[in-house]
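K.L.:
Below are the sequence and a predicted model for it; my questions follow.
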Amino acid sequence: MREQHTVIDDTPERSVLARLILPENSVSDDPLEELHGLATTAGTQVVGELIQRRSTIDHGTYLGRGKVDELREMVEKTKADVVIFDNELNPGQTRNLEKAIGVNVIDRTELILDIFAAGARTHESRLAVELAQLEYSLPRLKRMWTHLSRQAMGVGMRGPGEKQLEVDRRLAQKRIHDLKQELSKVESRRQRQVASRRDAPTVSLVGYTNAGKSTLMNALTEAEVLAEDKLFATLDTRTRRWHLPQWGTVLLSDTVGFIRDLPHSLVASFRSTLEETRQADLLLHVADASNPDVFAQISAVYKVLSELEIEEKDTLLVLNKIDAIESPAMLNRVLDRYPNAVPVSAADGKGFESLIEAVGDALGREFIDLDVEVHPGNGKLLAFLAAKGEIASQTFESEVVRLRVRLPVSALGPVRQAAIAYREVNDRRASREQTIDESSVAPIDVADEVSPPSASDVA
Ligand SMILES: Nc1nc2c(ncn2[C@@H]2O[C@H](COP(=O)(O)OP(=O)(O)OP(=O)(O)O)[C@@H](O)[C@H]2O)c(=O)[nH]1
Ligand SMILES: [Mg+2]
């Protein structure tokens with residue numbers, strides 16, 4: 001059974017969900033679950049679902065011919081008002097699909113933009129959303145006009161003509177220009193504000209949407225940030241003081257959540273909202289360990305962080321919702337890959353002591369000891385390690401150079417990006433269990449499907 005997400009609007013449009021799955025796409029047991037959550041959050045009532053597995057996309061209509069017919073029949077039968085695609089469609093595909101099916105067709109990006117638009121409350125997030133929406137619609141103006149003219153003038157009438165389209169395009173470009181300027185002003189103001197407030201170390205919560213960031217913030221700081229079972233409940237950044245027993249006070253920020261395939265323009269327009277995250281001393285990456293897609297969600301978050309150029313930071317992975325995990329095997333699978341992650345439940349407070357200890361450790365630490373594997377041809381990284389770190393040992397093999405090195409935490413970025421693999425020597429969990437024999441530490445597995453986690457997640 002799927003969770004029901006809170007609905008923004010109470011006059012539900014009826015939607016049919018569609019997705020094309022290519023052989024290279026990795027999908028969970030329920031490939032439309034996330035889109036379902038998004039569609040209900042946006043206020044539609046889902047009345048049908050259709051999936052096609054195919055080796056390539058059809059350039060004209062995305063889905064194959066037969067599936068498009070099936071989709072049209074489903075829309076007629078369920079009296080749907082709109083078809084929502086989980087894939088990204090180009091303007092031509094949308095137009096062709098609308099022609100074939102007879103109702104509005106929107107893609108995942110447009111849906112996410114809608115949710116953001118409905119939820120944006122502050123001046124800053126409104127500007128960000130408007131910019132992202134305009135950038136999305138600019139290449140699609142023609143389709144929109146075709147729509148309008150079809151409605152206004154009936155079939156067979158001519159569209160508004162190139163001239164009107166050109167005027168609109170220019171207006172949109174002008175507005176985009178103004179919004180960008182306004183946002184960059186907001187961004188500099190924000191940068192100064194955040195910098196001036198740094199009377200204490202700063203910690204920023206990041207993570208997939210609905211992972212429980214706001215709930216965790218509330219539980220840790222007694223803040224009253226809105227947390228609900230809705231995708232993108234938080235769109236702005238809030239900062240609160242968090243008192244770590246026996247350590248002191250830090251500033252903890254909660255901010256907008258991420259999602260896979262987040263539209264690039266949206267990521268870019270939320271730069272200023274993410275200023276606290278950019279300037280943070282430590283990121284707490286909150287993941288929903290009870291979600292079957294947790295690995296994909298973790299890597300999606302690393303991907304967005306790198307798009308925002310904020311991945312080179314000390315990051316602690318927090319595995320939330322352990323109270324809701326069905327089998328312990330699942331948690332162990334995640335911990336096998338991220339042994340330094342801290343399991344917690346924001347709902348019942350389990351794991352908070354370890355979390356506080358881990359945050360205190362991470363903030364207090366300036367150097368870390370790493371085992372690093374480097375490709376022998378990567379002279380640049382080898383030189384970097386020699387210059388920045390203290391090399392305790394190194395062995396050369398034909399395919400790999402293995403080093404043990406003590407590095408300043410601030411120099412971790414290039415290791416994350418260019419090493420074949422790396423792991424922290426003093427694994428927090430291992431030391432708790434008093435496993436002192438370091439040769440027994442499991443093999444390094446960083447360079448596979450998940451983007452490089454930070455130093456504190458690997459060990
Ligand atoms: N069972 C369980 N549910 C949790 C836990 N933490 C959060 N939740 C629920 O998960 C849902 C999302 O929580 P939020 O705190 O709003 O998540 P968020 O990461 O801030 O989400 P966005 O702001 O939308 O990105 C809510 O329904 C919470 O009650 C937990 O530890 N256990
Ligand atoms: Mg939130």
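P.N.:
Structure's in. What do you need? Ligands and ions are numbered 1, 2, ... in the order given.
K.L.:
From here on, just use CA atoms for contacts and neighbour counts.
P.N.:
Noted.
K.L.:
Spit out the contact partners of the residue nearest to the spatial centre of the chain.
P.N.:
The centroid of the chain falls nearest to residue 258 when counting by Cα atoms, centre = their mean (2.7 Å). Applying Cα atoms under 8 Å, 6 or more residues apart in numbering to residue 258 gives the contacts 206-209, 300-301, 304.
K.L.:
average pLDDT for stretch 140-147?
P.N.:
For stretch 140-147, the mean per-residue pLDDT is 61.
K.L.:
same deal with stretch 352-372?
P.N.:
Stretch 352-372 comes out at a mean pLDDT of 87.
K.L.:
What of stretch 397-413?
P.N.:
86.
K.L.:
in it, what counts as buried?
P.N.:
400-407, 409, 411-412 (16 or more other Cα atoms under 10 Å).
K.L.:
for this structure, what are the low-confidence residue spans?
P.N.:
Counting by pLDDT under 70, the chain shows low-confidence ranges at 1-11, 142-163, 198-199, 311, 426-459.
K.L.:
okay, now the domains of it?
P.N.:
With domains defined by automatic domain parsing, the chain comprises 13-118, 120-192, 198-364, 367-457.
K.L.:
Would you mind finding the most buried of the ones you listed?
P.N.:
Stretch with highest mean neighbour count among the domains of the chain: domain 198-364 (a mean of 20; mean count of other Cα atoms under 10 Å).
K.L.:
For ligand 2, tell me whether that one is touching it.
P.N.:
Yes: Domain 198-364 is in contact with ligand 2 by Cα under 5 Å from the ion, via 214, 234.
K.L.:
Now do that domain: distance to the chain's middle.
P.N.:
Its chain's average C-alpha position is 11 Å from that of domain 198-364, according to Cα atoms, centre = their mean, to the nearest Å.
K.L.:
follow-up on the earlier one: out of the buried residues of stretch 397-413, which are inside helices?
P.N.:
Of the buried residues of stretch 397-413, the ones assigned to helices by DSSP state H are residue 412.
K.L.:
still on that earlier bit, could I get the domains of the chain as a markdown table with distance to ligand 1?
P.N.:
As requested, the domains of the chain are arranged in a markdown table below (distance: least, Cα to the nearest ligand atom, whole Å):
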| stretch | distance to ligand 1 |
| --- | --- |
| domain 13-118 | 10 |
| domain 120-192 | 12 |
| domain 198-364 | 3 |
| domain 367-457 | 19 |
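K.L.:
and residue 166, that one's in a helix?
P.N.:
Yes: the assignment for residue 166 by DSSP: H, G, I helix; E, B strand; the rest coil puts it in a helix.
K.L.:
need the contact list for it.
P.N.:
Taking Cα under 8 Å, 6+ apart as the test, residue 166 contacts no residue whatsoever.
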